[in-house]
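S.K.: following is a predicted model, sequence given first.
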Amino acid sequence: MNTARKTTLAALAAHGRFDLAVIGGGATGCGVALDAAARGFSVVLLEAEDYSQGTSSRATKLVHGGVRYLAQGNVKLVREALHERTTLLANAPHLAQPMAFVMPAYRWWEAPFYGTGLKMYDALAGSHGLGPTEFLSAARTRELLPTVQMRGLAGGVKYWDGQFDDARVALALVRTAVARGALALNHCPVTALVREGGKVTGVVARDAIGGAELRIAASCVVNATGVWVDDIRDMDREPDAPKKPGLVAPSQGVHLVVERSFMPGTHALLVPKTRDGRVLFAVPWMGKTILGTTDTPREDIVREPAPFHEEVEFILSEAGRYLSMTPTRADVRSVWVGLRPLVRHGGEDGENTKAISREHTVLVGRSGLVTVTGGKWTTYRAMAEDVLEHCFDRRLLARRAGGVTVHLPLVGAPKKASVSMTAAPGEHLYGEEAGMLRELPGADRWLWRDGPSGQGGGLSEAMVRFAVRHEMAMTVEDVLARRSRLLFLDAAEAQRQAGAVAAILADELGSGFDTAASQASFEKLAAQYRHAP
Ligand SMILES: Cc1cc2nc3c(=O)[nH]c(=O)nc-3n(C[C@H](O)[C@H](O)[C@H](O)COP(=O)(O)OP(=O)(O)OC[C@H]3O[C@@H](n4cnc5c(N)ncnc54)[C@H](O)[C@@H]3O)c2cc1C
C-alpha cells in the first residue's frame, strides 16, 4: 500500500464525527466533496472502485450548454449549463478547453433553421460566450472539416462549446478537495449505513485494498452514486419495510474511437438529427476521433456494460453518411459504454421530492439521507451547491455561504492552456504539475508514444509513478483507464502496456500489490474495449 493511503486511513481512524460523508466519487460526489471542503466543512469521500470509474469517465467529453435542451425550450437549464461551462474552462484550462463545432447542412433550410437556434444559444451565453455562431459556405465547411461528405453539401454552421478530460477533471476535483482538508478513499465501497433512532448517522465501508472495515460517523450523508443510488437508498430502510421504488432508469450510451485520419483538423462535427432523431458527434480528442453516442434503455446496472450490435452499427453507418470515409468495425480502436442515471419521477415514498431542475434530482429521506442523481458533467458544480442547500434546509449542516468554488482553480491549473485537448496526451495534461512529473524517475522512458513518428504525446514511466504517488492510483486499470486514457483511445495498445505498468506499480506499491491479478484483470477489460460487436 502506498504512503498516502496509509496516511489517509490513519487520519480517518483518528477523526471523530465528520460534517459530511459523501458516497460515490463520480462528477457529482467529487463536486459535493470539494464544495463542502471549500466551505470549511470536514468531509470524507468514499468511492467503491476508482474516481470516475462509473459514468463519469465515459462522457462524450463535452463541456456544453446543451443545444438539445434549447430545442426543448428549457432555457433555464441551458443558461445554467452555459455559465458552468465558463467556470470549468476557467478553473482547469489544462483539462477543459473551448472547442468549435461544425454542423454540415445538406438541405437548404438546415443552416438557417439550426443557425437561428444557435444564435439564441449565443444570446443566452451572453458574456459567457466562447465565440460567435457563423454561417459557412460549402467550401468553408470543407476547410474546417476536411473529410466531410461533399455530395449535396449546401453549407454549414459553426458554433462553440467546450471539451474536457472527464476522468482527470474528476481526479483534480478530489485532489483539490483533499488539499482543502477532505479525506478521500477510492477502492472503498460503502456496505451499510449506520442508523440510530431512524436517522442516518454514518456509514460502514470496506477498504478493498487493505481489507479492513471502517465505521465512519457523519452529521450528513450524501448518496452520490449515480446509477447505483437505489442500492444505497435500499440500505436506508427499517428491517421489515418494503423495498423503495427505484429512482433511476438507466440508459446506455456507446462511443467508438477511430483514428484521427477519419476527421483530421481541430473542429468537431455535430449531426443535429440522425435517422432516428438523435444527436451524433464526431469529436477530435487526444489524437483520435470519438464517435457517439446512443441512448438505449437498460434494466440491468452493470459495472462494464457491453455495447449492443445495433448501437455499433448505428454509429458507424451514421458517421459514414457525414464523412467521406465510412469507418468499419476494423477501424475501431476502443469502445466504451456509459450508463446515464435518468430519474424516474413519482413513487418517491413520501420523501421530499423537490426536483430543482429536470436534469438532476435531490431527495432528502426521512432518515436525513441525501440522494442526488441525474444532471450532467458540465453542471456538477451547480449540482453540488444545490445539494448543500438541501443539507442546510434540512438542518443537517449549519449554513455557510456558497459560491466558493466559482473561482477556485483545480490542482495543477495553469493560467492558460499550452496545448489543445485535441493533441495526443502528454505532459501538458499535468498543467503546473508538469515540473513535478519531470523530476520523477523515468520521465524520458516512454512506454507508448502516439503518432507514426512516435513524436506525439504518450505514456511515460514517470506518469505511472506520478499516478501512484500523487493521484491515488492502486491498479493497472486506474492508470491505463483514468490517469492515462489509453484504454479509451486504443484498447489494444493499452492491453500491450499492462505488463509494463504492472511492474512499475509493483515497484511503487511494494509487496501488498498483486501484480499478476491486476495485470490479468486489466487485460480482460481491455479485450472488451477492443471488441465492437
Ligand atoms: C454516454 C454518456 C455521455 C455523456 N456525455 C456527457 C458530456 O459530453 N457532457 C456532460 O456534461 N455530461 C455527459 N454525460 C453525463 C455525465 O457523464 C453524468 O451525468 C455524470 O458523469 C454522472 O456522474 P455521477 O457522479 O452522478 O455518477 P458516476 O460517475 O456513475 O459516479 C457514481 C460513483 O458512485 C460509486 N459507487 C457506487 N456504489 C457505491 C458504494 N456502495 N460505495 C461507494 N461508492 C459507490 C461508483 O463506483 C461511481 O464511481 C454523459 C453521460 C453518458 C452516459
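M.R.: Sure, I can see it.
S.K.: can you give me the helices for the stretch 301-450 of the chain?
M.R.: 309-322, 380-393, 434-438 (DSSP state H, counting those that start in this stretch).
S.K.: among the ones you listed, which is nearest Ser521?
M.R.: helix 309-322 (24.4 Å; C-beta to C-beta). (Glycine included, C-beta is placed from N, CA and C.)
S.K.: that closest one close to the ligand?
M.R.: No - under the criterion of C-beta under 6 Å from any ligand atom, helix 309-322 makes no contact with the ligand; the nearest approach is 10.6 Å.
S.K.: just checking, what packs against that helix?
M.R.: Contacts defined by 3 or more C-beta pairs under 8 Å, 6 or more residues apart in numbering; DSSP states H and E place helix 309-322 against strand 248-259, strand 268-271, strand 280-285, strand 288-292.
S.K.: what about 10 Å?
M.R.: strand 248-259, strand 268-271, strand 280-285, strand 288-292, strand 296-297, strand 334-343 (3 or more C-beta pairs under 10 Å, 6 or more residues apart in numbering; DSSP states H and E).
S.K.: please identify the most buried of those.
M.R.: With neighbours defined as mean count of other C-beta atoms under 10 Å, the helices and strands packed on helix 309-322 peak in mean count at strand 288-292, which reaches a mean of 26.
S.K.: packing partners for that strand?
M.R.: So strand 288-292, by 3+ C-beta pairs under 10 Å, 6+ apart, packs with strand 248-259, strand 268-271, strand 280-285, helix 309-322, strand 334-343, helix 486-489.
S.K.: want to throw those into CSV with mean pLDDT?
M.R.: Output for these, formatted as CSV (pLDDT from 0 to 100):
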stretch, mean pLDDT
strand 248-259, 95
strand 268-271, 96
strand 280-285, 97
helix 309-322, 97
strand 334-343, 94
helix 486-489, 98
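S.K.: tell me which of the helices and strands packed on helix 309-322 approaches the ligand most closely.
M.R.: strand 248-259 (2.3 Å; C-beta to the nearest ligand atom).
S.K.: pull up the pairing partners for the closest one, direction included.
M.R.: strand 288-292 (antiparallel), strand 296-297 (antiparallel), strand 334-343 (antiparallel) (DSSP bridges).
S.K.: wait, does stretch 240-248 make contact with the ligand?
M.R.: No - against the ligand, stretch 240-248 shows no contacts by C-beta under 6 Å from any ligand atom, the least distance being 9.9 Å.
S.K.: in CSV, list the C-alpha atoms belonging to the lengthiest helix in the chain.
M.R.: Criterion DSSP state H: the longest helix present in the chain is helix 491-509. Extracted C-alpha coordinates of helix 491-509, given in CSV (Å, rounded to 0.1, in the frame of the first residue of the first chain):
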residue,chain,number,x,y,z
ALA,A,491,-7.6,-0.6,-26.2
ALA,A,492,-5.1,-3.0,-28.0
GLU,A,493,-2.2,-0.7,-27.1
ALA,A,494,-3.4,-0.4,-23.5
GLN,A,495,-3.6,-4.2,-23.3
ARG,A,496,0.0,-4.4,-24.6
GLN,A,497,1.2,-1.9,-21.9
ALA,A,498,-0.5,-3.8,-19.0
GLY,A,499,2.6,-5.8,-18.0
ALA,A,500,5.0,-2.8,-18.0
VAL,A,501,2.6,-0.7,-16.0
ALA,A,502,2.0,-3.6,-13.5
ALA,A,503,5.8,-3.9,-13.0
ILE,A,504,6.1,-0.1,-12.2
LEU,A,505,3.1,-0.4,-9.8
ALA,A,506,4.8,-3.3,-8.1
ASP,A,507,7.9,-1.2,-7.6
GLU,A,508,5.9,1.7,-6.2
LEU,A,509,3.3,-0.2,-4.1
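S.K.: what residues sit buried inside it?
M.R.: By 16 or more other C-beta atoms under 10 Å, the buried positions in helix 491-509 come out as 491, 493-495, 497-498, 500-502, 504-506, 508-509.
S.K.: turn those into a markdown table, including distance to Val479 and pLDDT.
M.R.: Output for the buried residues of helix 491-509, formatted as a markdown table (distance: C-beta to C-beta, whole Å; pLDDT from 0 to 100):
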| residue | distance to Val479 | pLDDT |
| --- | --- | --- |
| Ala491 | 14 | 98 |
| Glu493 | 14 | 97 |
| Ala494 | 10 | 98 |
| Gln495 | 13 | 98 |
| Gln497 | 9 | 98 |
| Ala498 | 9 | 98 |
| Ala500 | 10 | 98 |
| Val501 | 5 | 98 |
| Ala502 | 9 | 98 |
| Ile504 | 8 | 98 |
| Leu505 | 7 | 98 |
| Ala506 | 12 | 97 |
| Glu508 | 10 | 97 |
| Leu509 | 11 | 96 |
